[in-house]
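> next one to model:
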Amino acid sequence: MEYQALAKDILSHVGGRENISSLVHCATRLRFRLKDSNKANAEGLKANPGVIMVVESGGQFQVVIGNHVNNVWQAVRDEAGITDDTPTDANDKDEKSSLFGRMIDIVSGIFTPFIGIMAASGILKGLLALAVVCGWLTTTSGTYQIWFAASDALFFFFPLVLGYTAGKKFGGNAFVTMAIGGALTHPLMIKAFEASQMPEAVSETFFGIPVTFINYSSSVIPIIIAAWASCLLEKQCNKFLHSAVKNFFSPLICIAVIVPLTFLVIGPVATLLSQGLAYGYQAIYQFAPWLAGAALGAMWQVCVIFGLHWGLVPLMINNLAVFGQDTMLPILLPAVLGQVGAVVGIFLRTRDPRQKILAGSAATAGIFGITEPAVYGLTLPLRRPFIFGCIAGAIGGAIVGFSDSHVYSFGFANVFTLAQMIPPGGVDSTLWGGIAGTLVAFVLACIMTFVAGLPSVTPAATVVTKPIATPPGENEILAPMTGTVLALEQVPDATFATGVLGEGTAIIPLDNKVIAPFAGEVASLFQTKHAIGLLSDSGIELLIHVGIDTVKLDGKPFTAHVSVGDKVQPGDLLLEFDREAILAAGYSLSTPIIISNSDSFRGVTTVAATSVESGMPLLTVNR
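As a prediction, this is how the structure comes out:
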């Protein structure tokens, strides 16, 4: 249910179903392509506690959710009525989006659907390499061969998988483009390629035109270009063919034309382009490996923030296809572990229990390559830890580049990348250099953050509750907590949102305390301590309900500091709650603040802006 409420809020803030051209997700983000980006409300969406961050980049409206993004993605699809058969508006062009932005959008749209299995396959390959080096398995054993087939299948049949996702992205029949990818890796074509490598090979032709056979297994660029050409041809065919025959004649024309065209023109040209990109990168890398390592190590997390890192993914895969190895991925590992080291430094240094809990979970996710919780939740808001993580990533990347470290299978930068860096011939200095660079980045970021990453902490003895500057009038209600002000109708619970219980507003708290908003007495206190009712001296009945459905937590995250009948003054502490525990349990922190007897007044006005500090004016009743 909490995913459905979050999905509804996300849909309302992206402009509704009718404003969505396409929706995919990666490891932590929902990636929308919107018809009109002006209809989206990024600031409003950021106020939802279920959203870590909103980023608009590369022609995409990116909503950072976290590790449970797949559940939210499915909930958004269900709420919007989007299915796998729903056509995407692939040709929608945001005039504000640059050519580079549209290219990033295309690349991410093609690769994100299978990001999980791609990472898993790379990890399994690395673990197999480690098992061989340690003598646990041999390459001739049945166990090794079965697991190797499992880890290599995706990459060997890459044209088949990319054909499907590229077809979806370009708005054509994905099964047609998948068939084109299948033709590139068909056993007959592989056999023809092997035969063409023999000294006595005879040149094959297609209607008299010589064919250059190439091994397209694990290739990337040829099938993407071929899929684009197929989708373009399909749309033209659909314009002219009668509806009674186009469902099978359009695919017929596409595979009959595009498959030969790919073997004759698209494939050879795209292969030359692939080789040009690979050798171009290699030339830059060879010029100054340490400089390339420092630049990539410093800027990788900046690219991740804006979603621009997808522009490098095809280059890494292309390097593996052309050379059988890649030097870019090892450089990125120190950049990732630099941010992990920064959050570990925060964990060791901070006295804030909320920061400590968040740092622990973010560090765990970061070790496995998911740095968004660390970056958006801690290092970027605190600034210096993010900068220290980037500096440490640059130094570690320079060490990895200087060591000429490689990976021999694709994955995403995480702790398992170290296993993928084991050379086929056994452990050598390139692996040790990669390990050294990664450890330097982690330790350096941790130390710098621990020493200078956080502002000075006020000693506990001097921390006092902020006094109420001006006592509230008899018609005024102060904010009982610090946080983001939310209109009542935006609360993800119909009972509160419809105003059945009374008029008021809501706050998404940024701290863990509830204070008295006026002078009065405690009229009621729920046994689970998640909600409290107050009666002001002037006759205002107020309900403060911390979170949505938090009654199900049976009072565990809540501590009451008052009892029913207690007299209270503005600023008195009423309740404390564990904000992180509520979020970890999957509940919304939206806290309705309801005037239960609002029918006794002419109206209720919210006087606070989009955010408010506890003790400041929040509501006014009109008598």
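
> show me where the stretch 51-200 of the chain has helices.
For the stretch 51-200 of the chain, the helices defined by DSSP state H, counting those that start in this stretch cover 69-80, 99-111, 115-133, 142-156, 158-169, 174-184, 187-196.

> lowest average pLDDT across those?
Ranked by mean pLDDT, these bottom out at helix 99-111, which scores a mean of 74.

> report the angle between that helix and helix 158-169.
Regarding helix 99-111 and helix 158-169, their directions subtend 120 degrees when assessed with axes from the mean of the first three to the mean of the last three C-alpha atoms, to 10 degrees.

> export the helices of the stretch 51-200 of the chain to TSV and tack on mean neighbour count?
C-beta: built from backbone N, CA, C; applies to glycine. Formatted as TSV, those follow (neighbours: other C-beta atoms under 10 Å):
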stretch	mean neighbour count
helix 69-80	18
helix 99-111	19
helix 115-133	19
helix 142-156	14
helix 158-169	26
helix 174-184	23
helix 187-196	13
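
> grab the nearest non-local neighbour of L130.
The shortest distance from L130 to any non-neighbouring residue, by C-beta to C-beta, 6 or more residues apart in numbering, is to A419 (4.4 Å).

> residues contacting the one you found?
When contacts are counted by C-beta atoms under 8 Å, 6 or more residues apart in numbering, A419 touches I123, G126, L127, A129, L130.

> how about the helices of the stretch 51-200 of the chain in CSV, adding distance to L272?
Shown next, in CSV, are the helices of the stretch 51-200 of the chain (distance: least, C-beta to C-beta, whole Å):
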stretch, distance to L272
helix 69-80, 38
helix 99-111, 19
helix 115-133, 25
helix 142-156, 21
helix 158-169, 17
helix 174-184, 16
helix 187-196, 16
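
> G181 is in contact with A174, isn't it?
No - under the criterion of C-beta atoms under 8 Å, G181 is not in contact with A174, lying 10.3 Å apart.

> tell me the confidence at D578?
Reported pLDDT for D578: 91.

> same question, S98
So, for S98, pLDDT stands at 60.

> point out where the stretch 201-350 of the chain drops to low pLDDT.
Counting by pLDDT under 70, the stretch 201-350 of the chain contains low-confidence ranges at 306-308, 310.

> please, where are all the strands along it?
205-206, 209-210 (DSSP state E, counting those that start in this stretch).

> S274 is nearest to which of those strands?
strand 209-210 (20.8 Å; C-beta to C-beta).

> count of residues packed around the closest residue to P260 other than its chain neighbours?
Counting by C-beta to C-beta, 6+ apart, the nearest residue to P260 once its immediate chain neighbours are dropped is F206, at 5.4 Å. Neighbourhood size, F206 [other C-beta atoms under 10 Å]: 12.

> residues in contact with F206?
The contact partners of F206, by C-beta under 8 Å, 6+ apart, come to P260, F263, L264.

> again, but for P289
Contact analysis of P289 by C-beta under 8 Å, 6+ apart lists T327, G401, F402, D404.

> let me have these in CSV, extended by secondary structure, neighbour count and distance to V564.
Compiled in CSV, the contacts of P289 are given as follows (DSSP: H, G, I helix; E, B strand; the rest coil; neighbours: other C-beta atoms under 10 Å; distance: C-beta to C-beta, whole Å):
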residue, secondary structure, neighbour count, distance to V564
T327, coil, 25, 68
G401, helix, 28, 67
F402, helix, 18, 69
D404, coil, 17, 72
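
> let me know the closest of those residues to L378.
Using C-beta to C-beta, those come closest to L378 at G401, 27.7 Å.

> that closest one and T364, how far apart?
28 Å (C-beta to C-beta, to the nearest Å).

> identify the contacts common to G181 and A174.
G163, Y164.

> let's see stretch 614-623 as CSV, backbone CA atoms only.
In CSV, the C-alpha atoms belonging to stretch 614-623 read as follows (Å, rounded to 0.1, in the frame of the first residue of the first chain):
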residue,chain,number,x,y,z
SER,A,614,9.1,24.0,15.3
GLY,A,615,7.7,26.9,17.4
MET,A,616,7.0,29.1,14.3
PRO,A,617,3.4,30.0,13.2
LEU,A,618,1.7,27.2,11.3
LEU,A,619,-2.1,27.6,11.4
THR,A,620,-4.6,30.3,12.2
VAL,A,621,-8.3,29.7,13.0
ASN,A,622,-10.9,32.3,12.0
ARG,A,623,-13.6,32.7,14.6
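
> what is the mean pLDDT for it?
Mean predicted lDDT for stretch 614-623 stands at 87.

> returning to that earlier point: just the closest of the contacts of A419 to E541, please.
Closest to E541, out of all of those and judged by C-beta to C-beta, is I123, at 57.6 Å.

> look up how far V491 lies from the spatially closest residue to the closest one that is not a sequence neighbour.
The shortest distance from I123 to any non-neighbouring residue, by C-beta to C-beta, 6+ apart, is to F416 (4.3 Å). The gap separating F416 from V491 is 42 Å, by C-beta to C-beta.

> identify the residues contacting A413.
Contacts for A413 (C-beta under 8 Å, 6+ apart) come out as L329, L332, L333, A335, V336, G369.

> dump the residue contacts of the residue nearest to I123.
For F416, the contact set (C-beta under 8 Å, 6+ apart) comprises G122, I123, G126, L127, F368.
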